[in-house]
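Asks: predicted coordinates and the sequence they were generated for:
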Amino acid sequence: QVQLVESGGGLVQAGGSLRLSCAASGGTFSNYVMGWFRQAPGKEREFVATIAWSGGSTMYAGSVKGRFTISRDNSKNAGYLQMNNLKPEDTAVYYCAVSNSYSVVPNAYHSWGQGTQVTVSS
């Protein structure tokens with residue numbers, strides 16, 4: 001079972017940038033699709049982005065497309081989420097997760113990190 005640890009969250013002003021990292025251990029990272037999800041207070045967990053096993057395909061939620069970029073480095077067992085032009089509505093706990101399928105559905109992902117807080121001030 002792969003274990004995941006997110007880092008890189010913090011407080012940033014609107015228009016700023018953050019880069020989240022997801023470190024994987026205990027499994028072969030390249031065997032899995034990696035996704036990023038987020039959950040704001042009082043809201044359900046929502047899909048942000050996903051990247052296929054070798055990184056050749058990506059998908060984004062409409063709300064982040066053009067601002068966020070998902071990537072992975074299988075040689076380092078790591079994934080990333082570059083977030084630019086952040087908005088207050090991006091404030092949430094961000095989670096990375098892995099799945100055996102290329103999906104935007106949270107239930108398709110079987111291993112999750114503990115999350116990292118991103119707060120965007122206006």
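Replies: Received, thanks. Numbers count the residues shown, from 1 in each chain.

Asks: ok, the residue positioned nearest the centre of the chain to Ser122 distance?
Replies: When the chain is reduced to its mean C-alpha position, the nearest residue by Cα atoms, centre = their mean turns out to be Trp36, at 2.4 Å. The gap separating Trp36 from Ser122 is 23 Å, by Cβ to Cβ, to the nearest Å. Placement of C-beta: from N, CA and C, glycine included.

Asks: swap in Val105?
Replies: The spacing between Val105 and Ser122, counted by Cβ to Cβ, is 31 Å.

Asks: returning to that earlier point: quick check, the residue nearest to the centre of the chain in contact with Val93.
Replies: No: shown here, Trp36 and Val93 do not form a contact pair, counting by Cβ atoms under 8 Å, at 11.3 Å.

Asks: show me the strands in the protein, by range?
Replies: For the chain, applying DSSP state E gives strands covering 3-7, 10-13, 18-25, 33-39, 46-51, 58-60, 68-73, 78-83, 92-99, 109-112, 116-121.

Asks: gap between the fourth one and the chain center?
Replies: Just to be clear, that refers to strand 33-39. 4 Å (Cα atoms, centre = their mean, to the nearest Å).

Asks: mean confidence score for it?
Replies: Taken as a whole, strand 33-39 carries a mean pLDDT of 98.

Asks: list the neighbours of that strand that are in contact with it.
Replies: With contact meaning Cβ atoms under 8 Å, 6 or more residues apart in numbering, strand 33-39 is reached by 20, 22, 45-53, 70, 72, 79, 81, 90, 92-104, 106, 109, 115, 118.
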